[in-house]
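**Student:** quick one: sequence plus predicted model below, questions after.
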Amino acid sequence: MEKETLLLELHFPSRAERLQAVRNEVRETMGRIHSLPCDVDCAVIAINEACMNIIQHAYGSQQEGKIILQIFDLGDDLLFRLIDFASPVDTSKIKPRDLEDIKPGGLGVHMIHEVMDECRFLKCPEGVGNIFQMRKRKTRNPEQ
């Protein structure tokens, strides 16, 4: 069993204007563990896109919901968990858009899958709507 070290737990409202502060917190947290810039950028992109999907699709027309972001250090990997309290999503309908279909928007799922090593929805305890988990292998610093 891997040892999970909680690096960050951030509670915030499901509002797009809050995502800049979330991105800043992710950068700061990953900086504290000396993550390489490529890993930081991947995490920021994936978390931002996943949060926008929660805001736009899970909560949708609801004025305000809550999102919890957790970041864990697993040693060789980083684990990112997003928890919301919206209605459970139908995961069979969450698919990346065909890249040949050129139009604005809709590439978030594709980007998340490109920059993360593993993405999945977890079984939720009572009272939780959705838990989306992403895993990223740490890039080894060539100087080590």
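**Tutor:** That came in fine, so what should we check first? Numbers count the residues shown, from 1 in each chain.
**Student:** how far does the helix or strand where Phe121 lies sit from the chain's center?
**Tutor:** Phe121 is part of strand 118-122, with elements assigned from DSSP states H and E. In this view, strand 118-122 has its centroid 10 Å away from the chain centroid, taken as C-alpha atoms, centre = their mean, to the nearest Å.
**Student:** so which elements touch that strand?
**Tutor:** The criterion is 3 or more C-beta pairs under 8 Å, 6 or more residues apart in numbering; DSSP states H and E, and the helices and strands that strand 118-122 contacts are strand 130-137. In short, each C-beta sits where N, CA and C put it, glycine included.
**Student:** average model confidence for the strand it packs on?
**Tutor:** For strand 130-137, the mean pLDDT works out to 97.
**Student:** ditto for stretch 56-71
**Tutor:** This predicted structure assigns stretch 56-71 an average pLDDT of 90.
**Student:** which residue ranges of the protein form strands?
**Tutor:** Assigned strands in the chain, in chain order: 5-13, 66-73, 77-84, 118-122, 130-137 (criterion: DSSP state E).
**Student:** tell me what the helix or strand of the chain with the lowest mean pLDDT is packed against?
**Tutor:** In the chain, the helix or strand scored least confidently by mean pLDDT, DSSP states H and E is helix 108-115, which has a mean of 86. If you count contacts as 3+ C-beta pairs under 8 Å, 6+ apart, helix 108-115 packs onto helix 37-53.
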